[in-house]
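Q: I'd like to go over a predicted model; first the sequence, then the structure.
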Amino acid sequence: MDKTLILLPVLFSVLIYGFYISFKPIDVNDFSLEIHELKDSYDYIVVGAGTAGSVVATRLAEAGEEVLIIEAGGSDILGLINPISLSPAFPDLFKTEVDYAYSTTEQELTTTKRNFFWPRGKMFGGSGNLNAMMYISGSEEDYNNWQREIGEDSKTKWDFDSLKYIFDR
């Protein structure tokens, strides 16, 4: 067996451990959100400052709209100082005050017919922050199949190449 293949997992483990110990434990109660004076009216109110809500609020604000964003969870000032998303210890946040800690309904199609833990972030950045910013933009072939289903000549473009700029933004 190639020695490189044997050493790679060891080197990876050492790197992760070194990265892990470089972070101090997180106490989310040590951080607060700066409250700005509320206006009498807003063009839009975005409920939830998770991944999608933050993007929507940003796009509206960039377009010159007055936006109020409301988040049930606390401020993630950590995102500016010691990002949760970079810490290999992010699972330590599961089932804490920054996690709604949902469970799925019983999954009939599994062999065990059981419920699954479904962590959902309760903080600015939402589940994307809680789950270490892991995401999957989807399979290129899925987008291309959707385009074929609605028709290649459709004005609505769902093929991967037409949507790629959104993922890259």
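A: Right, received. Where do you want to start?

Q: need the helices for this protein, in chain order.
A: 3-21, 51-62, 78-81, 126-130, 140-150, 160-168 (DSSP state H).

Q: what's the mean pLDDT across the third one?
A: Within the predicted structure, the mean pLDDT of helix 78-81 is 45.

Q: same question for the longest one.
A: Mean per-residue pLDDT for helix 3-21: 45.

Q: begin at 36, not 1, for the rest of this chat.
A: Shifting the count to begin at 36 puts that one at helix 38-56.

Q: what residue ranges in the protein score low on pLDDT?
A: 36-71, 109-122, 170 (pLDDT under 70).

Q: tally of neighbours for Val81?
A: 20 (other C-beta atoms under 10 Å). Every residue, glycine included, has its C-beta placed from N, CA and C.

Q: OK, contacts around it?
A: By C-beta atoms under 8 Å, 6 or more residues apart in numbering, the contact list for Val81 reads 88, 91-92, 95, 102-105.

Q: between these, which sits nearest Leu128?
A: Checking those against Leu128 by C-beta to C-beta gives Gly88 as the nearest, at 19.1 Å.

Q: distance check, that closest one against Tyr79.
A: 11 Å (C-beta to C-beta, to the nearest Å).

Q: need the max-distance pair from the contacts of Val81.
A: For the contacts of Val81, and using C-beta to C-beta, no pair is farther apart than Leu95 and Ile105, which are 13.9 Å apart.

Q: the more surrounded of those two?
A: Neighbour count, other C-beta under 10 Å: between Leu95 and Ile105, Leu95 has more, with 17 against 11.

Q: tell me if I'm right that that one and Asp78 touch.
A: Yes: using C-beta atoms under 8 Å, Leu95 is in contact with Asp78, at 7.3 Å.

Q: what do the two both touch?
A: With C-beta under 8 Å, 6+ apart, Leu95 and Asp78 have common neighbours Val102.

Q: name the residues of stretch 86-103 that are buried.
A: 86, 88-89, 91-92, 95, 102 (16 or more other C-beta atoms under 10 Å).

Q: got it, and stretch 194-204?
A: Buried, per 16+ other C-beta under 10 Å, within stretch 194-204: 194-195, 198.

Q: which residues touch stretch 142-152?
A: Against stretch 142-152 from outside (C-beta under 8 Å, 6+ apart): 129, 136-141.

Q: list the contacts of Ala84.
A: 92, 104-106, 108, 158-161.

Q: could you turn the buried ones of those into a PyMOL selection?
A: Applying 16+ other C-beta under 10 Å to the contacts of Ala84, the buried members can be selected in PyMOL as follows:
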select buried, resi 92+104+106+108+158+159+160+161
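
Q: fine by me, thanks again.
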